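> when you get a sec, could you give me coordinates for this:
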Amino acid sequence: MSTAGRVPETWELDGDDARETLKRIGVRRLLRDAFMRLRFADGFSHARSMAFATSLVLVQGLIAIVGFASVVSDGSIARSVVRVIRSAVPGPAHRVLTDAVTQAYRAGTSSQWLPLVLGTVGALITGATLFGQLERGLNRIYGVEQDRPSVRKYGLALLLFVSAGALGAGAFVVFAFGRSVGSSFGSEARTIWDVARWPFALGLVCAAMALLFRWSALRRKKAWSWLAYGSALSVVLWSACTLGLGLMFQVSTSFGDTYGPLAGVVALQIWTLLSAISVLYGAAVAAQLEAVRAGEPEVQDPHKLDDVPAATDAGALVSTY
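Down below sits the predicted model:
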């Protein structure tokens, strides 16, 4: 498995250091070097694994939510979930998730607790797997070749899934039920809330991303201000990918005809893959910014190059065996 150049652990860094470092290196060079760091760390392979796990987490989490709706006998929760999925998940991808919601709600009519239990257990298992893979990806981006021992790794992954997932769930609640919550306000307050709830929800997602960047990698924790650039970029890229895919699926007349009944699955995998790449690229930006501050901006481990034979002719290569 490839690993990028190691990022030295730094101390006593604050937001002023981050701004000065960004000003010195320039945005264009930082983004370019971060992309190279992502490549050398085999980030796209990690993104593919994360994408598959993310799709499983989404399905299991939705089943758990609908199971809860069945237990409390509140069909409006399931309807709100379906409405948000259709508006937030691009194109045919939302069909896979809404079908899962519909099927879980039907199962809940005969056995109220079954969808809740299966969805919750499944979400916890797949969530721990997802964040365990995230740790591996971030470690390679920072040049760390060894992950935590398995028990600590997946124990922390489960804890991060619960904590960061709570922030993500808060953002989902704002998206799903924000309008109904605002209906209880006065007309002026409702207008303010309808506008403010969107940046508030995105702020929760940014906070969840920064939490993952701070604790997942096996290294000394940086100041939150150093993670702000990477986490904000991840959210911006994720939003752009979601909107771009939604527009593409909307104007495309051949995607559904090409993939037929698999269109929803393919669209979901494309969306989760681009989302995972957005997360890891944001982490690579944060790592590269810190590497520049530490005075070691090389994105490839120079020791890896020592393994390449220095011989330039076939005879010299043969003589080495």
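> can you show me the strands along the stretch 201-321 of the chain?
Under the criterion DSSP state E, counting those that start in this stretch, the stretch 201-321 of the chain contains no strands.
> got any ranges where it has weak pLDDT?
The stretch 201-321 of the chain contains residues with pLDDT under 70 at 301-321.
> can you show me the helices along it?
Ranges of helices in the stretch 201-321 of the chain, per DSSP state H, counting those that start in this stretch, are 224-251, 255-259, 263-293, 314-319.
> for Val173, which of the ones you listed is the nearest?
Among the helices of the stretch 201-321 of the chain, helix 224-251 comes nearest to Val173, with 17.5 Å by Cβ to Cβ. For glycine as for every other residue, the C-beta is placed from the backbone atoms N, C-alpha and C.
> quick one: buried residues of the closest one?
226-235, 237-238, 241-242, 245-246, 249 (16 or more other Cβ atoms under 10 Å).
> quick check: mean pLDDT of the helix or strand hosting Leu159?
Using DSSP states H and E, Leu159 maps to helix 150-182. Averaged across helix 150-182, the pLDDT comes to 81.
> same for it, what does it pack against?
helix 75-88, helix 113-141, helix 187-215 (3 or more Cβ pairs under 8 Å, 6 or more residues apart in numbering; DSSP states H and E).
> pick the most buried one from those helices.
Ranked by mean neighbour count under mean count of other Cβ atoms under 10 Å, those are led by helix 113-141, which reaches a mean of 21.
> what residues are up against Leu134?
Contact analysis of Leu134 by Cβ atoms under 8 Å, 6 or more residues apart in numbering lists 46, 50, 157, 212, 216, 279.
> show the pLDDT at the second one.
Yep, that's Met50 we're talking about. 95.
> give the contact list for it.
With Cβ under 8 Å, 6+ apart, Met50 has these contacts: 130, 133-134, 137, 272, 276, 279-280.
> pick out the most distant pair among these.
Maximum distance among the contacts of Met50 (Cβ to Cβ): 14.3 Å, for Gly137 and Thr272.
> residues near the residue nearest to Ala294 when sequence neighbours are not counted, how many?
Once flanking residues are discounted, Ala294 sits nearest to Pro8: 4.1 Å by Cβ to Cβ, 6 or more residues apart in numbering. Using other Cβ atoms under 10 Å, Pro8 has 15 neighbouring residues.
> hmm, Pro8 is touching Glu296, no?
Yes: counting by Cβ atoms under 8 Å, Pro8 touches Glu296, with 5.8 Å between them.
> would you list the contacts of Leu134 in TSV and tack on distance to Ile63?
Shown next, in TSV, are those (distance: Cβ to Cβ, whole Å):
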residue	distance to Ile63
His46	26
Met50	20
Ala157	21
Leu212	23
Ser216	26
Val279	24
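> in terms of distance to Gly67, which of those residues ranks first?
Among those, and counting by Cβ to Cβ, the member closest to Gly67 is Ala157, at 23.2 Å.
> quick one, what contacts the nearest residue in space to the closest one that is not next to it in sequence?
Distances taken as Cβ to Cβ, 6+ apart put Phe131 closest to Ala157, at 3.7 Å, once the chain neighbours are dropped. Taking Cβ under 8 Å, 6+ apart, we find Phe131 in contact with 156-158, 160-161, 164, 212, 216.
> separation between Phe131 and Arg39?
23 Å (Cβ to Cβ, to the nearest Å).
> likewise Gly264?
Counting by Cβ to Cβ, the gap from Gly264 to Arg39 is 31 Å.
> among those two, which residue is more densely surrounded?
Per other Cβ under 10 Å, whichever of Gly264 and Arg39 has more neighbours is Gly264, with 20 against 15.
> wait, the more buried one sits on Thr98?
No: here Gly264 does not reach Thr98: they are 9.2 Å apart, not a contact under Cβ under 8 Å.
> what about stretch 293-300, how long is it end to end?
16 Å (Cα to Cα, to the nearest Å).
> and it, which residues are buried?
Applying 16+ other Cβ under 10 Å to stretch 293-300 flags 293, 297, 299-300 as buried.
> name the nearest of the residues you listed relative to Arg86.
Using Cβ to Cβ, these come closest to Arg86 at Val299, 40.7 Å.
> now do the same contact list for the closest one.
4-5, 33, 36-37, 40, 288, 291.
> quick check: the gap between it and Glu145.
16 Å.
> same check, this time on Ala283
17 Å.
> these two: which has the busier surroundings?
The neighbour count for Ala283 versus Glu145, taken as other Cβ under 10 Å, is higher for Ala283 (30 against 12).
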